[in-house]
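Enquirer: No letters, just coordinates:
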């Protein structure tokens with residue numbers, strides 16, 4: 001059987017047999033330190049032609065984007081601070097030094113903004129360009145786990161979805177010209193920025209820590225939405241043994257985004273928005289939404305078939321095949 005037949009999620013399920021139970025269920029790994037703090041470790045690989053191309057992202061923006069994608073996974077596990085990153089660089093021998101330099105300038109710019117330093121890495125020749133990044137950070141009050149949601153939790157997300165997908169279409173010139181005239185220059189610039197310069201939501205985790213109700217123990221379900229909002233909600237619900245109910249009218253979209261003909265599909269499954277999707281008990285969720293601009297209450301976890309996602313308005317189940325990006329397929 002080939003990987004194209006298995007798909008990404010079945011591959012991960014099979015690989016989990018080589019790790020401790022539950023180790024591959026979340027966005028990153030947690031390691032307890034002697035000091036009593038918990039270290040968060042994440043690794044991501046970005047491959048030319050799959051995750052980036054010169055047509056859609058400059059070398060400097062690629063460095064920023066690669067760092068931000070990894071720091072987003074730290075935030076999705078509950079990190080409030082970043083220690084740094086290591087970088088594995090693979091590139092053909094004819095790669096210009098200036099391209100490499102600008103990628104690392106992008107790394108430096110992102111780390112200066114969000115914290116941490118370049119800790120090291122490795123370099124190798126290869127037939128195509130590739131960046132393998134490991135990011136390290138520390139937890140705040142507690143971890144965020146996909147399986148820590150419970151029926152009755154509010155589902156909230158930290159910002160709008162679909163912008164990165166729109167930005168990609170604009171950069172690739174695949175957005176229909178006759179439809180492009182309906183988009184403001186402001187929306188187009190916001191979408192391109194969302195695709196090229198995503199923001200890891202460490203600020204949301206910091207606010208989440210600050211707003212933890214004194215009488216409530218730490219219990220936060222969640223993940224980031226790098227593979228799409230629908231898939232993020234599905235993963236939280238599946239790991240938590242719950243179903244999810246989404247409110248269609250509450251889907252998180254930027255102003256004017258409804259002018260996009262595929263707005264709902266791109267909001268749910270466009271991917272690479274790098275926002276946080278959280279399952280929280282209602283009072284905590286309400287406090288976070290009131291204090292964090294852009295945080296939106298989009299639905300609930302409910303008792304039901306683990307991983308199923310339905311519309312609150314009519315109970316119609318969302319098609320699992322539209323859940324988001326999946327490698328190898």
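Expert: Yep, that arrived. All of these numbers come straight from a predicted model, not from anything done at the bench.

Enquirer: pLDDT below threshold where in the chain?
Expert: Across the chain, the ranges flagged by pLDDT under 70 are 321-329.

Enquirer: Could you chop it up by domain?
Expert: Domain segmentation of the chain under automatic domain parsing yields 3-139, 144-322.

Enquirer: just those: most buried one?
Expert: With neighbours taken as mean count of other CB atoms under 10 Å, the domains of the chain reach their highest mean count in domain 144-322, at a mean of 19. From N, CA and C alone the C-beta is placed, and that goes for glycine too.

Enquirer: moving C-terminal of the top strand by length along the chain, what's the next helix or strand?
Expert: As assigned by DSSP state E, the longest strand anywhere in the chain is strand 79-91. On the C-terminal side of strand 79-91, the closest following helix or strand by DSSP states H and E is helix 97-114.

Enquirer: For burial, what's the neighbour tally of the closest residue to residue 212 other than its chain neighbours?
Expert: Spatial nearest neighbour of residue 212, excluding adjacent residues (CB to CB, 6 or more residues apart in numbering): residue 141 at 5.8 Å. When neighbours are defined as other CB atoms under 10 Å, residue 141 has 13 of them.

Enquirer: dump the residue contacts of residue 141.
Expert: Residue 141 makes contact with 78, 209, 212, 218 under the criterion CB atoms under 8 Å, 6 or more residues apart in numbering.

Enquirer: out of those, which are inside strands?
Expert: If you go by DSSP E, the contacts of residue 141 have nothing in strands.

Enquirer: Nearest to residue 154, out of those: which one, please.
Expert: Nearest to residue 154 among the contacts of residue 141: residue 212, at 15.0 Å, using CB to CB.

Enquirer: before we move on, the earlier item: what angle do helix 97-114 and the longest strand of the chain make with each other?
Expert: Regarding strand 79-91 and helix 97-114, their directions subtend 180 degrees when assessed with axes from the mean of the first three to the mean of the last three CA atoms, to 10 degrees.

Enquirer: could you say what helices and strands strand 79-91 packs with?
Expert: Judged by 3 or more CB pairs under 8 Å, 6 or more residues apart in numbering; DSSP states H and E, strand 79-91 is in contact with helix 59-77, helix 97-114, strand 117-125, strand 130-139, helix 202-210.
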